[in-house]
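Asker: Predicted model, plus sequence, below.
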Amino acid sequence: MKLSIVILAAGQGKRMKSDLPKVLQPLAGKPLLAHVIDTARTLAPTSMHVVYGHGGERVRATLAETLAAAAPVTSWALQAEQLGTGHAVQQALPALADDELALVLYGDVPLVRAETLRQLIASASDPAQGEAMGLLTVMLDDPTGYGRILRDPQGRVQAIVEQKDATDAERAIREGNTGVMAVPVRHLRRWLGRLRNANAQGEYYLTDIIAMAVADGVRVAPLVAPTVAEVLGINDKLQLAEVEAEHRRLRARELMLAGVTLVDPARLDVRGELLVGRDVEIDVNVIFEGRVTLGDRVRIGPHCIIRDCTIAADARINAHSVLEESSVGAGAIVGPFARLRPGAKLAAEVHIGNFVEIKNSVMGEGAKANHLAYVGDASVGARANIGAGTIVANYDGANKHHTDIGADAHTGSNSVLVAPVTIGAGATVGAGSTITKDVAPGALAVARGRQVAIDGWKRPTKTPKK
């Protein structure tokens, strides 16, 4: 049976107390809804349909790129009035085909696992078990706020009762409804048409279709979620923080099972995709964003931020360094307190020291800039040494210009290389020089004022106050 996925993402999220729509609230660096979409697309659905409402165009604009890659067919369905979950699914119904299985997900439940959803789908599409719909439930120590699962003495699901409509005995039930279900569309279409809003909230509950399925002889196949964490919904900033902590814990666990050494698993943030080799070590308070690849035996020091970077084997990133859209070669050393800006490309064995900034530049094999330097829009040859305080002045106030520094060249401390300029292979720039013309290979360039000593000079003194 073909699979279509319906994601309900129309809620306003008043308890967030935020101008940002609830499904756009950030979790691990991307919107809640994006997490759900990423999980959904791993199920290879025929189509994906997002029901949106509050902050509609903002939601669509933010997620447009994610959705474009999420599934072959994707549509948006507007829920202009929030009249309940059943009403929300009705908005997507015209885009669903009767020969499909509809998996209903929620834009504010970001940690549900693909493995769990596959089990749920299988429970609703096993021909040996006959026609069925799948229902994901959860066992809770405190089920307050959840719809309760009503079962008969044989354990068969009979209905779901919402908290506000439940009796005291029903509220004592610990099995709660997650809202996630897999339903054959031909039945879903009929059941949604029979929904009524005669309940405490005056809404059209999607959960009412459970009793309809039982009445129509369609088996309800329950699946209890393996953990509470993966089905947690988010309604306020407190719950958002709790789910963020759980996300960090899960990512840390995955990394450690993959062989990564984490000094403190509780102090790691992975806000994207992190690919790791063998024997990687990561110290505390490191943040990874976007797509980051760490080769074998890479060591990351504490308090680093690394975004969209590739770091080759045996490289070391020391404390308090910030790297973005850069590549670091094998055995290179970066930091502490270094910054690699977009376009920085370090070859093998490069050393970038404290308070050095590299932007849109290539550092050749074995090149060094050990402290207090800026290299922008430059090509630096192998084994070149950029002295302390060297500045590549690449910007004239309107345009950027390129600098070439040859292999084995040396720049003295407090030099300024005014681009465009070429420092030839093996050339040396004297300390304190401002270089505005090309330096020939092997030459020494000195460009600074002549030192003058004035004998008998006296420093000015302060005039006594009257």
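Answerer: Yes, it's here. Everything quoted here is computed from the prediction, not taken from an experiment.
Asker: Summarise which helices and strands the biggest helix by length in the chain is packed against.
Answerer: In the chain, with assignment by DSSP state H, the single longest helix is helix 237-257. Applying 3 or more CB pairs under 8 Å, 6 or more residues apart in numbering; DSSP states H and E, one finds that helix 237-257 contacts strand 26-27, strand 261-262, strand 268-276. Where you see a C-beta, it was placed from the backbone N, CA and C, and this is true even at glycine.
Asker: Name the surrounding residues that touch the first one.
Answerer: I take that to be strand 26-27. The set of residues external to strand 26-27 that reach it, using CB atoms under 8 Å, 6 or more residues apart in numbering, is 32, 35, 110, 234, 240, 243, 244, 247.
Asker: quick one: the first one from residue 106, how far?
Answerer: By that I understand residue 32. Distance of residue 32 to residue 106, computed by CB to CB, to the nearest Å: 9 Å.
Asker: and residue 38, which of the three is it?
Answerer: Per DSSP: H, G, I helix; E, B strand; the rest coil, the local secondary structure of residue 38 is helix.
Asker: Count residues in the vicinity of it, would you?
Answerer: 16 (other CB atoms under 10 Å).
Asker: Tell me which of residue 32 and residue 106 has more neighbours.
Answerer: A direct count of neighbours by other CB under 10 Å for residue 32 and residue 106 places residue 32 higher, at 27 against 24.
Asker: wait, that one sits on residue 23?
Answerer: Yes. With contacts counted by CB atoms under 8 Å, residue 32 reaches residue 23, the gap being 5.1 Å.
Asker: pLDDT score assigned to residue 423?
Answerer: At residue 423, the predicted lDDT confidence score is 98.
Asker: In contact with it, which residues are there?
Answerer: By CB under 8 Å, 6+ apart, the contact list for residue 423 reads 403, 404, 405, 406, 409, 411, 417, 429, 435, 438, 439, 445.
Asker: Dihedrals phi and psi, the fifth one?
Answerer: Looking back up the chat, that one is residue 409. As for residue 409, its main-chain torsions (degrees, to the nearest 10) stand at phi -70, psi 150.
Asker: swap in the third one?
Answerer: Main-chain dihedrals, residue 405, degrees, to the nearest 10: phi -120, psi 120.
Asker: circling back to that earlier point, just the contacts of residue 423: which are in strands?
Answerer: Secondary structure of the contacts of residue 423 is defined by DSSP state E; positions in strands are 403, 404, 405, 411, 417, 429, 435, 445.
Asker: Next, show the common contact partners of residue 32 and residue 23.
Answerer: Counting by CB under 8 Å, 6+ apart, the residues touching both residue 32 and residue 23 are 107, 108.
Asker: want to try TSV for the helices and strands packed on helix 237-257, with mean pLDDT and distance to residue 307 as columns?
Answerer: As requested, the helices and strands packed on helix 237-257 are exported to TSV (pLDDT from 0 to 100; distance: least, CB to CB, whole Å):
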stretch	mean pLDDT	distance to residue 307
strand 26-27	96	15
strand 261-262	98	19
strand 268-276	96	8
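Asker: Columns mean neighbour count on top of these, output as a markdown table?
Answerer: Formatted as a markdown table, the entries for the helices and strands packed on helix 237-257 read as follows, by neighbours: other CB atoms under 10 Å:
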| stretch | mean neighbour count |
| --- | --- |
| strand 26-27 | 17 |
| strand 261-262 | 15 |
| strand 268-276 | 18 |
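Asker: how about the strands in the stretch 101-250 of the chain?
Answerer: Secondary structure of the stretch 101-250 of the chain (DSSP state E, counting those that start in this stretch): strands located at 132-139, 148-151, 157-161, 175-184, 219-224.
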